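> Sequence plus predicted model, see below.
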Amino acid sequence: MDADEALARALQEVELDGAPHLVRQQQPQPGSVDAHKAALHGLIRNSLAQALSVEDAELQARARALLPLEQLRLESQEAADLNALLGEQQPAGSVLGRDDFLVQGLLAFFKRDFFTWVDQPACELCTCPTSGIGMVQPTAAEVHDGGGRVEAYTCSVCQQVTRFPRYTKPAKLLETRRGRCGEWAHTFLLVLRAVGLDARHVTDNADHVWCEYYSAALGRWVHVDPCEEAWDTPLLYEGGWRKSLAYVFACSRHGASDVTRRYVLQPRALPSLRVQVPEAWLAATLARLSSPLRAALDINTRREVALRDAAETLQLMSLEDGGMGPAAAAAANLPGRQSGAEAWRNVRGETGGHVSTSHTRDARQATAYQRACDDALPPLFAAAGRITGGACRASGEHRGGQPSQRALRAFDGSLSSKWLDFGGGGSGGTAWLEYQLLPKQGPAVMLTHYDVVVAEDCPERDPSDWVLECVPEQPSSGSSSESSNIGVEWVVLDQRRGECFGRRHQLRSFVVPEATRIASRRWRLRITCVASPATANSVQLACLNLYSSTLARHVLHGISEQQRLQDVAPTQQQGLQVAPTQQQGLQVAPTQQQ
């Protein structure tokens, strides 16, 4: 830790040490303005303490040693290069940089391989289930590691009592690597700082914590929640969890900020919710807590932080001036809480479950391009003309599934994975899945037919109505900028309505009429309705296979030439029903038309 950081931390520790004493002396009446002031002051103070606790250089080095950082940085650079290669052009302030992809990789690693969620710890003696019996007195060792609160659980078999200290010191959390949202957010903040990113600890008035990091590419602070593996979805809590937030604070080595407007659906309603304390008092408190930290910064850093503050203020005010806005329209499609036992989530009222009827969901931001990971498919697919080796993206995806239910899962040929988009459920919900050849993959091809394989559960989420479309190849264009989304015109190849799937993991094959076939390098399946809009909170599918040869119809499905001609007849509207197998993804045998 350099001299400036040491001074900033020392000044802050004086603030933190003094505040509790003053609060105890005053002993405000419950429900009074002074009581609300004390509660908010304590909330901000504790968040600042956690933010400053990860600023130790040796501690950050220990965290880095536990991360597959070289691999994650390589993958993030490849992702950034891929999007640059495909000429992805978005409005200013929405083009992702390498650090943004790095954070997404860190989120996945942290949730899947590094940290463990604890509802009720298993018995430390026999590993059987336990039941909570309340709080117990911490030991001296537990207090030393920040475990001032200790939960106790008794084993249902051997009656052994298991202790679960709620540690708050990040060094100890690097050892235990378990906990609930408090431990998760605290440790992930350390990870973000360890890789060199400016990051903040974020807390709300409704008992949840998460993080933010500053994205140089996007020019703003970005929401990240390691518990949910959520990236840049600040309306998750009000839109998905159905919480009501009045106060949200972000704290870092540079001070504390009120960022509530970023996390609420209706910023203009905040004045009616924030009546517990005067706004002038809150602003003065944030400034007073931040002042010693800012004073210890060198002049250049202080200027940079001030510029970020000014930009953030304008961004937050624009959210208020913009009313609901596109982000709020998309929030209706966000899921309820995923982390924690269902009973625990139900008690907290964070499961969501509402199916939106919004018709404005296409305003949500699409995912970045990612490698389709379809190079290792069985040789049968290549022999049949399956298009492989490209990149994909979608209107949205669910990162929190096991495995992740991202766009690339639709092209991996596996029945054990799937793509899921919460934006495709409900009445009026839409979603899309795109596949694009890389610039050096050879000439454009004509799509002749395609397979849709539904997922393993929830038939209400199956696609029912969709449009398959492409961007025609432009003979005169030779640069990667041809894949830009600006001015792109999609041409319809095939359109289906009222399609039904009779069983889970059913594969149905659909022919692209010869009259609409056109050379292209970029295709999109745009799903406009699911099987049951009234009950589906998302759309999902296990596989989308695209073919550039009619040979696939014979090699994979055993379709005769007479059947092929029937498929392309104007009156033929139904797809081919094929039963997939786990080994090859397809059953190579003649099947009966529906």
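Nice, thanks for sending it over.
> where does residue 373 land on pLDDT?
For residue 373, the pLDDT comes out at 84.
> in which helix or strand would I find it?
Using DSSP states H and E, residue 373 is not contained in any helix or strand.
> Over to residue 183?
Using DSSP H and E, residue 183 maps to helix 181-194.
> same for that helix, what does it pack against?
Applying 3 or more C-beta pairs under 8 Å, 6 or more residues apart in numbering; DSSP states H and E, one finds that helix 181-194 contacts helix 33-52, helix 57-65, helix 98-109, helix 170-176, strand 199-204, strand 209-215, strand 220-225. To be clear about C-beta, it is placed using only N, CA and C from the backbone, and glycine gets the same treatment.
> Would you mind giving the orientation angle of it with respect to strand 209-215?
Between helix 181-194 and strand 209-215, the angle comes out at 20 degrees (axes from the mean of the first three to the mean of the last three C-alpha atoms, to 10 degrees).
> Extract the CA atoms of helix 181-194 and return them as CSV.
Extracted as CSV, the C-alpha positions of helix 181-194 are listed here (Å, rounded to 0.1, in the frame of the first residue of the first chain):
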residue,chain,number,x,y,z
CYS,A,181,-24.1,-12.4,-0.2
GLY,A,182,-22.0,-10.4,2.3
GLU,A,183,-19.0,-12.8,2.0
TRP,A,184,-19.5,-13.2,-1.7
ALA,A,185,-19.5,-9.4,-2.5
HIS,A,186,-16.6,-8.7,-0.1
THR,A,187,-14.4,-11.3,-1.6
PHE,A,188,-15.3,-10.5,-5.2
LEU,A,189,-14.5,-6.9,-4.5
LEU,A,190,-11.0,-8.0,-3.4
VAL,A,191,-10.7,-10.0,-6.7
LEU,A,192,-11.6,-6.9,-8.8
ARG,A,193,-9.1,-4.8,-7.0
ALA,A,194,-6.5,-7.5,-7.2
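> Run through who's touching stretch 189-197.
50-51, 54-55, 59-61, 63-64, 67, 69, 99, 102-103, 106, 110, 170, 173-174, 199-201, 211, 213-214, 224 (C-beta atoms under 8 Å, 6 or more residues apart in numbering).
> List the buried residues of that stretch.
189-195, 197 (16 or more other C-beta atoms under 10 Å).
> Over to stretch 149-156?
Burial within stretch 149-156, assessed by neighbour count using 16+ other C-beta under 10 Å, is assigned to 150-153, 155.
> can you give me the offset of it from its chain's centre?
Averaged C-alpha coordinates place stretch 149-156 at 32 Å from its chain's average position (C-alpha atoms, centre = their mean, to the nearest Å).
> Run a quick neighbour tally on the residue nearest to residue 302 when sequence neighbours are not counted.
In this structure, residue 302 finds its nearest non-sequential neighbour in residue 294, 6.0 Å apart by C-beta to C-beta, 6 or more residues apart in numbering. By other C-beta atoms under 10 Å, the residues close to residue 294 number 16.
> Pull up the gap between residue 294 and residue 251, please.
Counting by C-beta to C-beta, to the nearest Å, the gap from residue 294 to residue 251 is 13 Å.
> what do you get for residue 341?
As defined by C-beta to C-beta, residue 341 lies at a distance of 29 Å from residue 251.
> one step back: same list, the helices and strands packed on helix 181-194, but as CSV with mean pLDDT please.
Compiled in CSV, the helices and strands packed on helix 181-194 are given as follows (pLDDT from 0 to 100):
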stretch, mean pLDDT
helix 33-52, 96
helix 57-65, 98
helix 98-109, 96
helix 170-176, 97
strand 199-204, 98
strand 209-215, 98
strand 220-225, 97
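> got CSV for these, with mean neighbour count and distance to residue 417 too?
Compiled in CSV, these are given as follows (neighbours: other C-beta atoms under 10 Å; distance: least, C-beta to C-beta, whole Å):
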stretch, mean neighbour count, distance to residue 417
helix 33-52, 19, 36
helix 57-65, 15, 30
helix 98-109, 22, 14
helix 170-176, 18, 31
strand 199-204, 25, 31
strand 209-215, 24, 27
strand 220-225, 24, 23
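> So for residue 87, what's the pLDDT?
The per-residue pLDDT reported for residue 87 equals 65.
> next one: residue 430
At residue 430, the pLDDT value in this model is 89.
> Check the one 5 residues further on too.
Among the per-residue scores, residue 435 holds a pLDDT of 97.
> ok, it - contacts?
Counting by C-beta under 8 Å, 6+ apart, residue 435 touches 372, 387, 390-392, 411, 522-524, 544, 546.
> and it, that's in a strand?
Yes. Counting by DSSP: H, G, I helix; E, B strand; the rest coil, residue 435 is part of a strand.
> Could you give the bridge partners of it?
As for beta bridges, residue 435 partners with residue 392, residue 523 under DSSP bridges.
> Looking at residue 341 and residue 251, which has the bigger crowd around it?
Neighbours were tallied for residue 341 and for residue 251 using other C-beta under 10 Å; the higher tally belongs to residue 251 (29 against 11).
> any idea which element the more buried one lies in?
Going by DSSP H and E, residue 251 is in strand 248-252.
> Can you tell me which residue sits nearest the middle of the chain?
residue 230 (3.1 Å; C-alpha atoms, centre = their mean).
> which ones are touching residue 142?
148, 150, 163, 165, 167.
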